[in-house]
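A.B. asks: Mind folding the following:
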Amino acid sequence: MNVLSAADLEMISKEELGEDKVREKEDIKALQEWISKSPHLQGIRKDEAHLLKFLRGCKFSLERTKEKIDFYNACRANVPAWFASWDMESPTFQKFLDWGFFLPLPGYDKHGRQ
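C.D. replies: Okay, here's the model as predicted:
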């Protein structure tokens, strides 16, 4: 649940990530072209929503985003078990849950997020 308004989220994304709607479209198009020209990346997702997650994760640095996409897809290709369907009932997964790794912290942060 997000308690911030769309306007607040847009302001925060602009201030903290350097998000700019005009540049965002240009960067996504540049990433799509780069992926199309990269033989080892053929067949990966090139939709805007997917690429935007990578851009935001790299604070809109195009070169860092390319590195992250490259690394992510190298991991997917070389260690597919990391990305396979996880059995939430498996003893291994239950061990992580018992350790508390996947539980949200109580309360809200300074931005009102839980």
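
A.B. asks: okay, CA-based contacts and neighbour counts for the rest of this
C.D. replies: Noted.

A.B. asks: send the alpha carbons of the lowest-mean-pLDDT helix or strand in the chain over as PDB?
C.D. replies: Within the chain, no helix or strand scores below helix 91-99, which has a mean of 81 by mean pLDDT, DSSP states H and E. Output in PDB follows, covering the C-alpha atoms of helix 91-99 (Å, rounded to 0.1, in the frame of the first residue of the first chain):
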ATOM      1  CA  PRO A  91      12.400 -26.300   3.900                       C
ATOM      2  CA  THR A  92      15.000 -23.900   2.500                       C
ATOM      3  CA  PHE A  93      12.500 -21.200   1.900                       C
ATOM      4  CA  GLN A  94      10.800 -21.800   5.200                       C
ATOM      5  CA  LYS A  95      14.200 -21.400   6.900                       C
ATOM      6  CA  PHE A  96      14.600 -17.900   5.400                       C
ATOM      7  CA  LEU A  97      11.100 -17.000   6.600                       C
ATOM      8  CA  ASP A  98      11.900 -18.300  10.100                       C
ATOM      9  CA  TRP A  99      15.000 -16.000  10.100                       C
END
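
A.B. asks: Provide the contact partners of stretch 68-85 at residue level.
C.D. replies: Contacts to stretch 68-85, defined as CA atoms under 8 Å, 6 or more residues apart in numbering, come from residues L41, I44, F54.

A.B. asks: Can you say which of the residues you listed are buried?
C.D. replies: With burial judged by 16 or more other CA atoms under 10 Å, the buried subset of the contacts of stretch 68-85 is L41, F54.
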